[in-house]
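Peer 1: what's the 3D shape of this:
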Amino acid sequence: MRISQKEICSRNLRYIIRSAEEKDAKNLSDVRVQIDGETECMDREKGEAYIDEVGFKKMIKDDTENERNLFLIAEVNGRIVGFSRCEGSKLKRSSHKVEFGVGVLNEYWGYGIGKYLLLESINWATVNEIKKITLNVLEINDRAIELYKKYGFEVEGILKKDKILSDGNYYNTILMGRYNGD
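Peer 2: Got it, this is the predicted structure:
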């Protein structure tokens, strides 16, 4: 699925939120690896579960054609600085919901990019009668948790000792959901 492009200005930074296009595939591959290396709040370490340009082209094509998927990017002066993705299920019993994930380059934290990617995704879900958005967030990612709560997400569960980080300690993953239904 695709959305209309939006321009945002936050703290004197202008950026665009738009649907991913196949021409973005190489840059997305590089940005994803960089984001994974900048924070331990992602599922992967830098370079793990690598998706190359061909893989991203296929993902973007599939997401554009699937009415239950949405792939967005944030762009500053032609440079991709973040992205989000909503992925729906092909299973009928789960067809009412999508899973949301987001990543923003560290140097662009604090400009509301993650927030606007989330808000565009929520708006898209509402317009397309998607009843539920789910996500997973590491317990130490306080800023993200507060953002999600602010926009109607609730804690639905905790996966205890779900991730091991570079300090050798185990951390919980928080399962959150936002219901748009009756």
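Peer 1: who touches Asn66 in this structure?
Peer 2: 1, 88 (CB atoms under 8 Å, 6 or more residues apart in numbering). The C-beta positions use only the backbone N, C-alpha and C, and glycine is treated the same way.
Peer 1: rerun at 10 Å
Peer 2: 1, 87-88, 90 (CB atoms under 10 Å, 6 or more residues apart in numbering).
Peer 1: Kindly report the same for Leu105.
Peer 2: Leu105 sits next to 31, 34-35, 38-39, 74, 76, 79-83, 113 when contact means CB under 10 Å, 6+ apart.
Peer 1: Looking at those residues, which is nearest Asp162?
Peer 2: Thr39 (16.3 Å; CB to CB).
Peer 1: Can you pull out the low-pLDDT segments for the protein?
Peer 2: Low-confidence segments of the chain (pLDDT under 70): 181-182.
Peer 1: so where do the strands sit in it?
Peer 2: 6-10, 13-19, 70-76, 79-88, 97-104, 132-138, 154-164, 170-179 (DSSP state E).
Peer 1: With respect to Lys46, which of those strands lies nearest?
Peer 2: strand 97-104 (12.2 Å).
Peer 1: Show the contacting residues for the most centrally placed residue in the chain.
Peer 2: Centroid-nearest residue in the chain, with CA atoms, centre = their mean: Val102, separated by 2.1 Å. Val102 makes contact with 35, 42, 72, 74, 82-86, 113-115, 117-118, 121, 135, 137, 144, 147, according to CB under 10 Å, 6+ apart.
Peer 1: if we look at the sheet, which residues does it bridge to?
Peer 2: Beta-bridge partners recorded for Val102 (DSSP bridges): Ser84.
Peer 1: start at 529 instead
Peer 2: I'll keep to 529 as the first residue from here, and by that count the last item is Val630.
Peer 1: What's the separation between it and Ser623?
Peer 2: 22 Å (CB to CB, to the nearest Å).
Peer 1: quick one: Ser563 and Gly575 touch, right?
Peer 2: Quick fix: residue 563 reads Ile, not Ser. No. Ile563 is beyond contact range of Gly575, at 11.7 Å (criterion: CB atoms under 10 Å).
Peer 1: Noted, bye for now.
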